[in-house]
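> Requesting a structural model of the entry that follows:
(4 chains)
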Protein chains: 2
Amino acid sequence: MVRERKGCLVPPRKPDATILDVARTAGVSAATVSRVLNGSGPVSPSARGRVEEAVERLRYMPNASAKSLRHLKTSTLAVIVSDILVSYYAEIVKGIENTAGALRYKILICDAQNQREKEADYMTLAMDRTVDGIILIAPMLGDAELAAYADRGYALGLIGRRIDHPAIPCVYTDNVGAATEAVAHLIGQGHEQIAFLSGFADATDSYERLEGYMKALRQASLPFRPELIDSGGFSESGGYEAFLRLRERSQSFTAVFAANDEMALGIYRACAELGIPIPAGMAVVGVDNNRVGKYVAPALSTIDPPKHAMGALLAEKLIDQLGEGRHAATRCFEVSSRLLVRGSSASGLT
Amino acid sequence: MVRERKGCLVPPRKPDATILDVARTAGVSAATVSRVLNGSGPVSPSARGRVEEAVERLRYMPNASAKSLRHLKTSTLAVIVSDILVSYYAEIVKGIENTAGALRYKILICDAQNQREKEADYMTLAMDRTVDGIILIAPMLGDAELAAYADRGYALGLIGRRIDHPAIPCVYTDNVGAATEAVAHLIGQGHEQIAFLSGFADATDSYERLEGYMKALRQASLPFRPELIDSGGFSESGGYEAFLRLRERSQSFTAVFAANDEMALGIYRACAELGIPIPAGMAVVGVDNNRVGKYVAPALSTIDPPKHAMGALLAEKLIDQLGEGRHAATRCFEVSSRLLVRGSSASGLT
DNA sequence: TTGTACGCGTTATCAA
DNA sequence: TTGATAACGCGTACAA
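As a prediction, this is how the structure comes out:
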């Protein structure tokens, strides 16, 4: 599959020009060059001119590592995601990157590959000051661990999770409310036996959505049936298998609320194989508004969180906090998502 | 939409322990601490023990900026993509991140938002030595500019594009061959008038795929009809609009080869609105194997490049080159993609 | 208005 | 086996 084309030699890299090189070329001291570049002090027009010319000629650019060491800050944030391939994370990352970029911050991307261990490893990026702060999206680490990092003085921010720690800004959605709305919608469509597909049992997103599910049942005076609950690990294949297990246990439910769209897509696959029509034979609602959901037939009803905005908002808050130093105000924000009713849960729609 | 929860105060950050703190605590010099940590010299067992204990107690971690300054390298690569939301880029980034991580390199993600200007801006990351090298995926910058950067001593790597420069490793696919195969497949299905949807006219991917398109026509002795060519900027909406323009100019073509899957999805939307059945009324083949293509009905035929492997391979080569210093061997690799025939171009398939 | 001197934290060199 | 010292490149008191 791979064909090699040619081999060649890399020329030796010539050292970059330093501020001293510029100073010598311009016939001034390094301090003057620094003042010109940072506008940090008075400089005579003639000196400024010579410095600018020298900078131009030598293509001088201040070394980022030296600046970082000097200021003890790197203007870089790390973003830890479970899987950058999932559009949910990618979209949040994009929101973060856009805002951070506007504030002259860089973003280190960290793909934890759904492994708690890797997620923990990436925290060293804060400890060795590779980054000024870390943004975690739906982290697997527990509240206690996260709080411990913050207590040790590392700047953290959370997306899709709330934690009560004064130094940790959070942006999250009203999972319970949105899930309640989604399930109430299914009930409104006439469904009385509705299954729930959880992700990982210990994930906040899982149990808050379960809570909303149960709340909607209660409000409609429908019984809670434990046999209609299963877990699919937030993945397509997990959703597929969980749905098959559900069907083995019960043939009587007519709708499923999946804790994310990936699992909902697995349900689609299972239904296709079992010859169950959606929504006539099985109504489906997911969460995340994964891009794929718009293209499946019928289109997938889902809960749509403002992913890009969530990323942008948290990035802004975390960077604010870094800038304000000792006593920045930190906040937690609840953003609201909306239910997108599409063909998978309502006849008459595509 | 956004509700503020609470404000609070950030405690002052206490300074990190430095190597000198550790040295004092252990009753040795900084040099000895360094030797213990890096295994870079002989250390007596007793000294080693005291140092390790001090490191533990102070939770010492060497400052990354200081290391970078000392070594004049950051162990970081930048990856510039047009749009991290497009699964093609996300998958390559994942391949890069995985491999780079294994080699102890970090990845700075740069979303150029399809703007040539932003892409050029990100090149400063190499110039100010924020990163040791830059990986560009299907860049908008021209060969001359890229070569100029490399000539100035910046380490670059290219994915999805070939350039003849001794210092720039490249990983790319046989666009012409794959496109030829795709169009030949359509011809094999009985299509004689086949449209081609280009991305940006000046993108390598566009014209190489056009070349393959024309080659397949030639090989089948079919005439080339300029009115069957249009451009959709590689986006879904662009594909949608371009397809409508094509149909205005000609009603007689029965198949389209789109230079990427995003545009192919736009064609799906246009066909749905026009009531044209796929593949019976219009066969469609795309490029990239976008994840969505598997879920649309009918499934989208596409050319499948080994995205993850491409990212991993280039990351490895570029990092190799950085490590070997003056005279690393650099290479260009052509990887082969395969044609996935699915329902959009062959009856009898889903 | 300018230059000198020092420190940010680390590591390599050298002498002991 | 160890420690003092000198960079890496920058910015900033402070002195001139």
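> Just checking, which helix or strand succeeds the worst-scoring helix or strand of chain A on mean pLDDT along the chain?
Lowest by mean pLDDT, DSSP states H and E among the helices and strands of chain A is strand A:2-9, with a mean of 46. Later in the chain than strand A:2-9, the nearest helix or strand by DSSP states H and E is helix A:19-26.
> What are the buried residues along that following helix?
A:19, A:21-26 (16 or more other C-beta atoms under 10 Å in any protein chain shown). In this view, the C-beta of every residue, glycine as well, is placed from N, C-alpha and C.
> is any part of it close to DNA strand D?
Yes: under the criterion of C-beta under 7 Å from any atom of the strand, helix A:19-26 makes contact with DNA strand D via A:19-20.
> Let me see the residues that make contact with that helix.
A:29-30, A:32-34, A:47, A:50-51, A:53-55, A:57-58, A:60, A:62 (C-beta atoms under 8 Å, 6 or more residues apart in numbering or on different chains).
> Now do it: distance to the chain's middle.
44 Å (C-alpha atoms, centre = their mean, to the nearest Å).
> ok, now stretch A:142-152?
Stretch A:142-152 sits 19 Å away from the centroid of its parent chain (C-alpha atoms, centre = their mean).
> Average pLDDT for it, rounded please.
For stretch A:142-152, mean pLDDT rounds to 97.
> What parts of the stretch 1-150 of chain A come near DNA strand D?
A:15-16, A:18-20, A:30-31, A:34-35, A:37-38, A:40, A:60-63, A:66-67, A:69-71.
> of those, buried ones?
Restricting these to buried positions leaves A:16, A:18-19, A:34-35, A:37, A:60-63, A:66-67, A:69, with burial counted as 16+ other C-beta under 10 Å.
> In chain A, mark out all the strands, start to finish.
Listed in chain order, the strands of chain A (DSSP state E) span A:2-9, A:76-81, A:106-111, A:133-137, A:155-159, A:170-173, A:194-198, A:229-231, A:255-258, A:283-287, A:301-304, A:329-335, A:338-340.
> ok, which of the buried ones among the residues of the stretch 1-150 of chain A next to DNA strand D also contact DNA strand C?
Filtered for proximity to DNA strand C (C-beta under 7 Å from any atom of the strand), those shrink to A:35, A:66, A:69.
> If I look at the residue nearest to the second one when sequence neighbours are not counted, what pLDDT would I see?
Which is residue A:66. Nearest non-adjacent residue to residue A:66, counting by C-beta to C-beta, 6 or more residues apart in numbering or on different chains: residue B:69, 5.4 Å away. pLDDT for residue B:69: 98.
> these two touch, right, residue B:69 and residue A:65?
Yes: applying C-beta atoms under 8 Å, one finds residue B:69 in contact with residue A:65, separated by 4.3 Å.
> Around DNA strand C, pick out the residues from chain A.
Where chain A comes near DNA strand C, counting by C-beta under 7 Å from any atom of the strand, the residues are A:27-32, A:35, A:41-44, A:46-48, A:66, A:69-70, A:72.
> dump the residue contacts of the closest residue to residue A:347 other than its chain neighbours.
In space, and not counting its chain neighbours, residue A:347 is closest to residue A:279: 6.1 Å by C-beta to C-beta, 6+ apart. Residues in contact with residue A:279 (C-beta under 8 Å, 6+ apart) are A:298, A:343-347.
> any idea which of those has the most stuff around it?
When neighbours are taken as other C-beta atoms under 10 Å in any protein chain shown, the top entry among those is residue A:345 (30 neighbours).
> Quickly note the distance from the nearest residue to that one once chain neighbours are set aside to DNA strand D.
With C-beta to C-beta, 6+ apart as the criterion, residue A:345 has its nearest non-adjacent residue at 4.0 Å, and that residue is residue A:301. Distance of residue A:301 to DNA strand D, given as C-beta to the nearest atom of the strand, to the nearest Å: 53 Å.
> and what of residue A:203?
For residue A:203, the distance to DNA strand D (C-beta to the nearest atom of the strand) stands at 43 Å.
> Just give the nearest non-adjacent residue to that residue, would you?
Once flanking residues are discounted, residue A:203 sits nearest to residue A:138: 7.1 Å by C-beta to C-beta, 6+ apart.
> The closest residue to DNA strand D within the stretch 151-300 of chain A pairs with what?
Relative to DNA strand D, the nearest point of the stretch 151-300 of chain A is residue A:155 (21.2 Å; C-beta to the nearest atom of the strand). Under the criterion DSSP bridges, residue A:155 forms beta bridges with residue A:133.
> Now for it: which residues touch it?
A:126, A:132-134, A:167, A:318, A:321-322.
> Which ones among the residues of chain A next to DNA strand C map onto helices?
Taking DSSP state H, the ones among the residues of chain A next to DNA strand C that sit in helices are A:30-32, A:35, A:46-48, A:66, A:69-70.
> what residues does the stretch 151-300 of chain A put near DNA strand D?
Counting by C-beta under 7 Å from any atom of the strand, the stretch 151-300 of chain A has no residue next to DNA strand D.
> What segments of the stretch 151-300 of chain A are helices?
Ranges of helices in the stretch 151-300 of chain A, per DSSP state H, counting those that start in this stretch, are A:175-188, A:204-219, A:236-249, A:261-274.
> want to throw the buried residues of helix A:19-26 into a markdown table with pLDDT?
A markdown table is the format used below for those (pLDDT from 0 to 100):
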| residue | pLDDT |
| --- | --- |
| A:19 | 98 |
| A:21 | 97 |
| A:22 | 98 |
| A:23 | 98 |
| A:24 | 97 |
| A:25 | 97 |
| A:26 | 97 |
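> Now do the top helix by length along chain A: distance to the chain's middle.
Using DSSP H, we find that the single longest helix of chain A is helix A:307-324. Distance, stretch centre to chain centre, for helix A:307-324: 12 Å (C-alpha atoms, centre = their mean).
> Show me which residues of that helix are buried.
For helix A:307-324, by 16+ other C-beta under 10 Å, it's A:307-319, A:321-322.
> Keeping just the C-alphas, turn that helix into CSV.
Extracted C-alpha coordinates of helix A:307-324, given in CSV (Å, rounded to 0.1, in the frame of the first residue of the first chain):
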residue,chain,number,x,y,z
LYS,A,307,-21.4,22.9,21.1
HIS,A,308,-19.5,25.6,19.4
ALA,A,309,-20.7,28.2,21.8
MET,A,310,-20.0,26.0,24.8
GLY,A,311,-16.4,25.7,23.7
ALA,A,312,-16.0,29.4,23.0
LEU,A,313,-17.6,30.4,26.3
LEU,A,314,-15.4,28.2,28.4
ALA,A,315,-12.3,29.2,26.6
GLU,A,316,-13.1,32.8,27.2
LYS,A,317,-13.8,32.3,30.9
LEU,A,318,-10.7,30.2,31.5
ILE,A,319,-8.4,32.6,29.7
ASP,A,320,-10.0,35.5,31.6
GLN,A,321,-9.2,33.8,34.8
LEU,A,322,-5.6,33.2,33.8
GLY,A,323,-5.2,36.8,32.9
GLU,A,324,-6.8,38.3,36.0
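> what angle do it and strand A:76-81 make?
140 degrees (axes from the mean of the first three to the mean of the last three C-alpha atoms, to 10 degrees).
> so does helix A:307-324 get close to DNA strand D?
No: applying C-beta under 7 Å from any atom of the strand, one finds helix A:307-324 separated from DNA strand D by no less than 14.6 Å.
> Give me the mean pLDDT for that helix.
Helix A:307-324 comes out with an average pLDDT of 95.
> quick one: it to strand A:329-335, angle?
Our comparison of helix A:307-324 with strand A:329-335, counting by the same axes, to 10 degrees, yields an angle of 170 degrees.
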